[in-house]
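K.L.:
Compute the structure for the input listed below.
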Amino acid sequence: MVLKEDLLSIGVHCAIIIDVAGNTIAQLDNGRCSFDVVSFAALAAGNFAAVDAMAKLVGEQQFSLHFHRGENESIHFSKVNEDILLICIFGQDVSLGFLRLKTTEVIDKIRLIWGR
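P.N.:
Numbers count the residues shown, from 1 in each chain. As a prediction, this is how the structure comes out:
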């Protein structure tokens with residue numbers, strides 16, 4: 001319900017919660033996403049791990065923003081906790097700043113639900 005009310009309602013095309021190993025925990029989309037979520041989750045986890053390793057190489061604990069902008073679709077990564085990631089796929093009609101605000105709210109709600 002949180003993904004639908006807080007993310008899909010603002011124009012996010014797909015919201016996926018995965019663990020850092022790439023296993024899909026939850027996924028909700030607007031009905032127009034036709035990609036393989038299992039493969040996407042595995043690749044997203046690998047991407048997140050690679051960027052995390054790069055941060056450590058340059059002396060950072062982590063990079064707080066993981067974002068890929070495409071011509072039509074963009075991807076935003078958020079860390080829910082040490083083991084869980086929230087990934088949002090969205091188009092040009094959603095502002096990155098607004099999405100970051102909403103994902104922060106969603107993460108707080110997820111943590112309350114999971115008791116973490």
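K.L.:
beta partners for the most centrally placed residue in the chain?
P.N.:
In the chain, the centroid-proximal residue (C-alpha atoms, centre = their mean) is I87; its distance is 1.5 Å. Judged by DSSP bridges, the bridge partners of I87 are I16, F77.
K.L.:
what's the spacing between it and G31?
P.N.:
Using C-beta to C-beta, to the nearest Å, I87 is found at 18 Å from G31. Glycine gets a C-beta too; all of them are placed from N, C-alpha and C.
K.L.:
How far off centre is the lengthiest helix in the chain?
P.N.:
Secondary structure of the chain per DSSP state H: the longest helix is helix 37-57. Computed by C-alpha atoms, centre = their mean, to the nearest Å, the separation of helix 37-57 from the middle of its chain amounts to 11 Å.
K.L.:
Buried residues, it. List them.
P.N.:
Under the neighbour-count criterion of 16 or more other C-beta atoms under 10 Å, helix 37-57 has F40, A41, A42, A44, A45, N47, F48, D52 buried.
K.L.:
What helices and strands are in contact with that helix?
P.N.:
strand 12-19, strand 24-29, strand 66-69, strand 73-79, strand 84-91 (3 or more C-beta pairs under 8 Å, 6 or more residues apart in numbering; DSSP states H and E).
K.L.:
pLDDT below threshold where in the protein?
P.N.:
Residue ranges of the chain with pLDDT under 70: 116.
K.L.:
Make JSON lines out of the helices and strands packed on helix 37-57 and add distance to D36.
P.N.:
Shown next, in JSON lines, are the helices and strands packed on helix 37-57 (distance: least, C-beta to C-beta, whole Å):
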{"stretch": "strand 12-19", "distance to D36": "12"}
{"stretch": "strand 24-29", "distance to D36": "11"}
{"stretch": "strand 66-69", "distance to D36": "18"}
{"stretch": "strand 73-79", "distance to D36": "15"}
{"stretch": "strand 84-91", "distance to D36": "13"}
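K.L.:
Nothing else from me, thank you.
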